[in-house]
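*Asks:* okay, here's the prediction I keep looking at, along with the sequence it came from:
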Amino acid sequence: MTAEPGTRVLKADPASIATAATALRQGGLVAFPTETVYGLGADACHGEAIARLYAAKGRPAFNPLIAHVADVAAARRLAVFDAAAEKLAAAFWPGPLTLVLPKRPDCPVAALALAGLDSIAIRVPSHKTARALLAAFGGPVVAPSANRSGHVSPTTPAHVLADLRGRIDLILDDGPCAVGVESTIVGLLGEPSLLRPGGLPREEIERVLGQALVMPSPGETDDAPLAPGMLASHYAPTARVRLDATTPRQGEALLAFGAAPPFDGTTLNLSPRGDLIEAAANLFSHLRALDAAGATTIAVMPVPHDGLGDAINDRLARAAAPKP
Ligand code: TXA
Ligand code: MG
């Protein structure tokens with residue numbers, strides 16, 4: 001489904017929510033209200049829909065997205081819950097809290113949505129329209145804030161339209177958001193840590209956990225207005241990565257783009273037809289597959305820099321950076 005020519009704005013009601021769920025099923029992009037800010041939703045398991053979502057936002061890089069689910073049971077199908085995760089989920093879901101957890105091996109969410117990481121950010125929103133949409137769709141929905149990259153998060157349908165008109169399929173209009181700032185993000189991969197302050201006060205979380213949250217040192221920031229370090233880690237293959245390889249060498253594995261040169265080593269193609277949306281959808285899963293096949297070096301053919309090419313090249317450059 002394309003975003004052209006227009007973006008429909010529909011008052012949230014059972015009929016429009018059913019329409020939005022159908023649009024998601026078809027790989028469309030749907031902005032919807034949550035109690036924090038409006039999110040730009042896509043089917044979390046649909047790699048190409050997610051590639052289009054990054055393109056619509058104009059994200060300079062593939063930051064991992066939050067998977068929105070209807071309830072804790074749905075969240076447990078995506079991630080491994082330890083005692084701390086169970087406690088926080090019981091206390092604060094549904095609500096403005098996002099948990100970063102180890103993803104389950106059988107987690108169906110697309111690698112691109114997780115930026116290739118082994119962790120997953122999950123939240124159960126409390127907004128009635130968000131909940132109705134998740135129930136109607138019946139699966140995880142990834143949703144970054146529904147703004148162009150670098151802009152502040154939208155709290156009304158008008159904000160969403162101003163940024164994304166013509167770039168997305170549908171906006172479910174249910175008035176302004178009550179909380180108005182993004183969800184608080186707590187990382188539970190090691191010591192519980194505050195990855196992003198947000199709509200749920202830190203003190204409340206610490207009271208339930210019975211311990212202080214670690215404040216990670218600032219790493220890389222994304223486009224969020226509450227700026228401290230969001231994400232210092234990136235997917236890194238074990239193999240060496242050689243960029244802009246036009247001629248693969250003996251013993252390398254080849255990650256091709258477009259027409260591949262003749263080569264008898266292991267080869268995967270990001271997009272034989274040279275399509276950057278398709279290439280983005282395949283990026284992390286292909287890197288992982290070549291890594292898992294035991295390649296010591298992955299030779300990557302040049303990928304153009306236009307459109308999603310910038311984000312693809314950004315992630316490839318990180319994958320190629322010398323390992324610490
Ligand atoms: O309130 C919210 O959280 C809104 C509504 C729509 O739910 N969503 C939102 O999404 O703010 P976004 O994409 O604008 O911000 C998500 C943040 C990013 O900073 C991203 O780096 C971080 O979550 N994140 C996602 N997955 C992560 C992971 N596995 N590890 C660390 N950080 C992660
Ligand atoms: Mg954002």
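*Replies:* Okay, I see it. Ligands and ions are numbered 1, 2, ... in the order given.
*Asks:* taking this protein, what residue is nearest to ligand 2?
*Replies:* As assessed by CB to the ion, ligand 2 sits closest to Ser145 within the chain, at 3.5 Å. Yep, even glycine has a C-beta here, placed from its N, CA and C like the rest.
*Asks:* contact partners for that residue?
*Replies:* By CB atoms under 8 Å, 6 or more residues apart in numbering, the contact set of Ser145 is Val37, Tyr38, Gly39, Leu40, Ser153, Pro154, Glu182, Ala224.
*Asks:* from the residues you listed, which has minimum pLDDT?
*Replies:* Lowest pLDDT within the contacts of Ser145 is found at Ala224 (35).
*Asks:* any figure for the gap between the residue nearest the centre of the chain and Gly41?
*Replies:* The chain has Leu65 as the residue nearest its centroid, 2.2 Å off, counting by CA atoms, centre = their mean. In this view, Leu65 and Gly41 are 10 Å apart by CB to CB, to the nearest Å.
*Asks:* and for the two, which residues touch both?
*Replies:* Contact with both Leu65 and Gly41 is made by residues Val142, Ala143, according to CB under 8 Å, 6+ apart.
*Asks:* helix or strand for Leu99, which one?
*Replies:* Using DSSP states H and E, Leu99 maps to strand 97-102.
*Asks:* what mean pLDDT would you report for the longest helix belonging to the chain?
*Replies:* Counting by DSSP state H, the longest helix found in the chain is helix 276-292. Regarding helix 276-292, the rounded mean pLDDT is 92.
*Asks:* following element in sequence after that helix, please.
*Replies:* Defined by DSSP H and E, the subsequent element after helix 276-292 is strand 297-300.
*Asks:* which parts of the stretch 1-150 of the chain sit against ligand 1?
*Replies:* 34, 36-37, 39, 63-66, 98, 100, 117, 119-121, 123, 143-145 (CB under 6 Å from any ligand atom).
*Asks:* show me the shaky parts of the stretch 201-324 of the chain.
*Replies:* Low-confidence segments of the stretch 201-324 of the chain (pLDDT under 70): 217-234, 323-324.
*Asks:* on that earlier part again, partner residues bridging the residue of the chain closest to ligand 2?
*Replies:* Bridge pairing for Ser145 (DSSP bridges) gives the partners Gly39.
*Asks:* for the residue lying closest to Ala79 once chain neighbours are set aside, give me its contacts.
*Replies:* Residue nearest to Ala79 in three dimensions, not counting chain neighbours: Leu101, with 3.7 Å by CB to CB, 6 or more residues apart in numbering. Contacts for Leu101 (CB under 8 Å, 6+ apart) come out as Ala79, Val80, Phe81, Ala85, Ser119, Ile120, Ile122, Leu188, Leu189.
*Asks:* bridging residues for Leu101?
*Replies:* Residues in beta-bridge contact with Leu101 (DSSP bridges): Ile120.
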